[in-house]
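J.: give me a model of this one.
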Amino acid sequence: MKNFTSVFLAVFTLFSCNQVVNHKEDNSESVTTISEKKVENKEKDTSEFSKNSIDTIVFKDQTAIIIEPTDRRIEERIREIGEEDFYTGADDYMWYLSESYETFRKNNLPVLKIKTDKIIKFVMENGNYAIVDLTRDDELWQVYLFNPRLKPKKISMTDSENEFKTYFK
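T.: Below you'll find the model as predicted:
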């Protein structure tokens with residue numbers, strides 16, 4: 001419980017970081033598109049997102065998705081790299097997530113924060129699905145942009161303003 005409280009307090013206090021780290025990430029392998037004709041669709045929910053029986057979160061509307069790690073993944077990472085290094089990195093992520101959130105908010109893009117390590121399914125207008133398997137991703141915090149007319153994009157939160165403009169041009 002002490003670790004959970006520490007993590008909880010750290011997440012909220014970390015929004016004040018002003019350190020900037022510049023890195024780019026390749027997201028070309030993070031999304032798999034599947035034709036609806038190849039996959040039987042058993043759920044016909046029309047809400048913005050839904051969760052089916054195998055812990056797949058389904059998105060159908062334009063949105064930004066901020067993915068946060070589960071408590072289990074946070075604890076695993078702390079054991080892997082140590083508490084001090086974890087909180088140093090988490091501080092950077094919190095600052096960038098805050099900046100990303102503000103970018104989306106000022107551009108009137110709905111933002112949904114989810115805490116998961118399962119599967120995300122994006123339903124596109126053309127009937128195809130894009131699947132993101134978070135169980136295979138080592139990055140704890142992630143941001144995806146989704147427009148049903150386009151394939152979803154995992155963006156670099158260090159450059160969310162330009163990523164937003166490029167994706168929604």
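J.: after the longest helix along the chain, next one along is what?
T.: Ordering each helix of the chain by length in residues (DSSP state H) puts helix 83-106 first. Proceeding N to C from helix 83-106, the next assigned helix or strand is strand 111-115, under DSSP states H and E.
J.: packing partners of that following strand?
T.: strand 63-68, helix 83-106 (3 or more Cβ pairs under 8 Å, 6 or more residues apart in numbering; DSSP states H and E). Placement of C-beta: from N, CA and C, glycine included.
J.: give me the angle between the shortest one and helix 83-106.
T.: In terms of direction (axes from the mean of the first three to the mean of the last three Cα atoms, to 10 degrees), strand 63-68 departs from helix 83-106 by 170 degrees.
J.: now do the following helix or strand past strand 63-68, average pLDDT.
T.: The helix or strand immediately downstream of strand 63-68 is helix 71-81, counting by DSSP H and E. Across helix 71-81, pLDDT averages out at 93.
J.: tell me the angle helix 71-81 makes with strand 63-68.
T.: 50 degrees.
J.: using CSV, list the CA coordinates for helix 71-81.
T.: In CSV, the C-alpha atoms belonging to helix 71-81 read as follows (Å, rounded to 0.1, in the frame of the first residue of the first chain):
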residue,chain,number,x,y,z
ASP,A,71,-0.4,-0.5,-10.9
ARG,A,72,1.1,-3.9,-11.7
ARG,A,73,3.2,-2.6,-14.6
ILE,A,74,4.4,0.4,-12.4
GLU,A,75,5.5,-2.0,-9.7
GLU,A,76,7.3,-4.3,-12.3
ARG,A,77,9.1,-1.3,-13.7
ILE,A,78,10.2,0.0,-10.3
ARG,A,79,11.7,-3.5,-9.6
GLU,A,80,13.4,-3.5,-13.0
ILE,A,81,15.1,-0.1,-12.9
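J.: who does residue 145 bridge with?
T.: Judged by DSSP bridges, the bridge partners of residue 145 are residue 64, residue 153.
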